[in-house]
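Visitor: Test case, fold it:
(one chain, ligands or ions: 2)
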Amino acid sequence: MAPWGYSKENGPATWHKDCPIANTGVRQSPIDLITTGQTCAKYDSNLKPVIVSYPAFSEATFLNNGHSVQFQPSAGNLSELSGGPLTKKYKFEQFHFHWGNNDSEGSEHRVNGKMYPAELHLVHWNSESPNFSSFQEAVGSNDPHALCVLGFFLKVGAENASLKPITDLLSKVKNAGSSVSFPGKFDLKAVLPETLTDYYTYDGSLTTPPLAECVKWIVFKEPIEVSTAQMEAFRAVDDGHGKPITGNYRPPCPLHTRTVAASFK
Ligand SMILES: NS(=O)(=O)c1ccc(S(=O)(=O)c2ccccc2)s1
Ligand SMILES: [Zn+2]
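Guide: Numbers count the residues shown, from 1 in each chain. Ligands and ions are numbered 1, 2, ... in the order given. Got it, this is the predicted structure:
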């Protein structure tokens, strides 16, 4: 079976062949975040602001893995996540993006059916579990909250100076499988909105194979602005078959018996 991707031949509708959980799972991601009506997100006044401690990264690899671009700090990064719906402290592992080939599609999560042009995922693993002590072990652990992924929508507007070091690097990893060591320091905190108070949260999965159902999802209401030029830079990244990655987003999955909590009214 050709490795998975987002084309007709190897895209989300085919993933069940290697990952049956794609069709049998009851907590798959992404989902459509509905804000009104029956199955809508329910306000939970107990949900606290999310707390991130992201000292600027000094050493990292920026990689085009053929289905996304990923920023991964070298070992020893001290970035941590806590608060929000979490009861434990999580360690930062990597961030990556999902995008479309026009501004009306690209995000994985949707809000009342609306897609944003892109979505940023900050991947973390539970560093206080007695069952595992590394990211790789966390992923293989079957723990329902082994990972926590923070999702931020991207929308087109002003240029995002904090993300410019990343979007300027995209042309350097145009070819799938290519990677560069990130030059200098990168301040991820500066990319995020100041206040991390308004978000949706629910139990879900990885949105790419192996689609493991081990993720506490936290998707923020407030989008991050990037310029058209910055969006275009993502659309020039190749998928390994000489074509640009034309939409590396999985369609929304059934909610089943899950509920989505909102930290805001
Ligand atoms: N889009 S997403 O945030 O849900 C996501 C998909 C894959 C990852 S992973 O690279 O952490 C990973 C985790 C386990 C196995 C392989 C990769 S994170
Ligand atoms: Zn992702």
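Visitor: So which residues of the stretch 151-265 of the chain form helices?
Guide: With helices called from DSSP state H, counting those that start in this stretch, the stretch 151-265 of the chain shows them at 164-167, 228-234.
Visitor: Throw the ones you listed into JSON lines and include mean neighbour count, distance to ligand 1 and mean pLDDT, thanks.
Guide: Just so you know, the C-beta spots here come from the backbone N, C-alpha and C atoms, and that holds for glycine as well. What follows is the helices of the stretch 151-265 of the chain, written out as JSON lines (neighbours: other Cβ atoms under 10 Å; distance: least, Cβ to the nearest ligand atom, whole Å; pLDDT from 0 to 100):
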{"stretch": "helix 164-167", "mean neighbour count": "19", "distance to ligand 1": "16", "mean pLDDT": "98"}
{"stretch": "helix 228-234", "mean neighbour count": "18", "distance to ligand 1": "15", "mean pLDDT": "98"}
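Visitor: which one of those helices lies closest to Phe95?
Guide: Closest approach to Phe95 among those is made by helix 164-167 (8.9 Å; Cβ to Cβ).
Visitor: And that closest one, what does it pack against?
Guide: If you count contacts as 3 or more Cβ pairs under 8 Å, 6 or more residues apart in numbering; DSSP states H and E, helix 164-167 packs onto helix 228-234.
Visitor: With just CA atoms, put the helix it packs on into PDB.
Guide: Presented in PDB, the C-alpha positions along helix 228-234 are these (Å, rounded to 0.1, in the frame of the first residue of the first chain):
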ATOM      1  CA  THR A 228      -1.700  36.000   1.600                       C
ATOM      2  CA  ALA A 229       2.000  35.700   0.700                       C
ATOM      3  CA  GLN A 230       2.500  33.600   3.800                       C
ATOM      4  CA  MET A 231      -0.400  31.400   2.900                       C
ATOM      5  CA  GLU A 232       1.000  31.100  -0.700                       C
ATOM      6  CA  ALA A 233       4.300  29.900   0.700                       C
ATOM      7  CA  PHE A 234       2.600  26.900   2.300                       C
END
